[in-house]
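Engineer: pasted the sequence and its predicted model underneath.
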Amino acid sequence: MDTAAVLFQSALDQARETDAETKVGALLGLGGVERNRQNLGAAELRFTQALTLAKTLPPDRVNSRLVGFAYQGRGIVHAQQGDLDASIDDMGQARVWIQRSGDLVALAVNGHNLGEAELLRGDYLQALREYDRSIEKPLNEYFDRY
């Protein structure tokens with residue numbers, strides 16, 4: 001994790017001022033490192049910074065996948081902090097952005113994470129729905145494409 005933190009910080013520091021996508025990616029990486037270290041406040045800050053920066057881009061330059069990952073990372077942190085409503089809100093936003101990107105694997109992971117948050121909240125029926133959706137929707141879209 002220490003090596004990853006150094007590399008992500010270096011990428012953030014060396015990115016040109018106009019290279020928001022690299023900066024967002026580095027912030028996401030730093031958020032993941034902090035989450036892994038259980039520094040949840042620092043992780044939440046990094047994911048929020050990534051989200052804020054991504055939203056400053058003009059609509060034609062926004063990378064919906066990265067925005068989705070920022071929401072997802074922050075949503076997972078909220079769940080770890082025990083704020084399940086905020087977690088589910090962020091992961092719901094992540095679903096919308098990831099779906100726009102067309103990344104079926106990330107969409108399935110998002111559904112699984114939503115299911116986990118619903119499970120922690122005690123809504124077992126909704127958790128089951130999220131798990132089913134995480135399997136069904138990406139598979140259906142995959143087979144529709146091919």
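Structural biologist: Everything's here; your move. Worth saying up front: this structure is predicted, and the values here are computed from it rather than measured. Numbers count the residues shown, from 1 in each chain.
Engineer: now Arg81: closest residue in space, sequence neighbours ignored.
Structural biologist: No, residue 81 isn't Arg; it's Gln. Excluding the flanking residues, the one nearest Gln81 by CB to CB, 6 or more residues apart in numbering is Leu40, at 5.5 Å. For glycine as for every other residue, the C-beta is placed from the backbone atoms N, C-alpha and C.
Engineer: for that neighbour, give its distance to Arg46.
Structural biologist: From Leu40 across to Arg46, the span is 11 Å (CB to CB, to the nearest Å).
Engineer: also Leu12?
Structural biologist: Applying CB to CB to Leu12 and Arg46 gives a distance of 10 Å.
Engineer: who has more neighbours, those two?
Structural biologist: Between Leu12 and Arg46, counting by other CB atoms under 10 Å, Arg46 is the more crowded of the two (27 against 18).
Engineer: OK, contacts around that one?
Structural biologist: By CB atoms under 8 Å, 6 or more residues apart in numbering, the contact list for Arg46 reads 27-28, 30-31, 34, 73.
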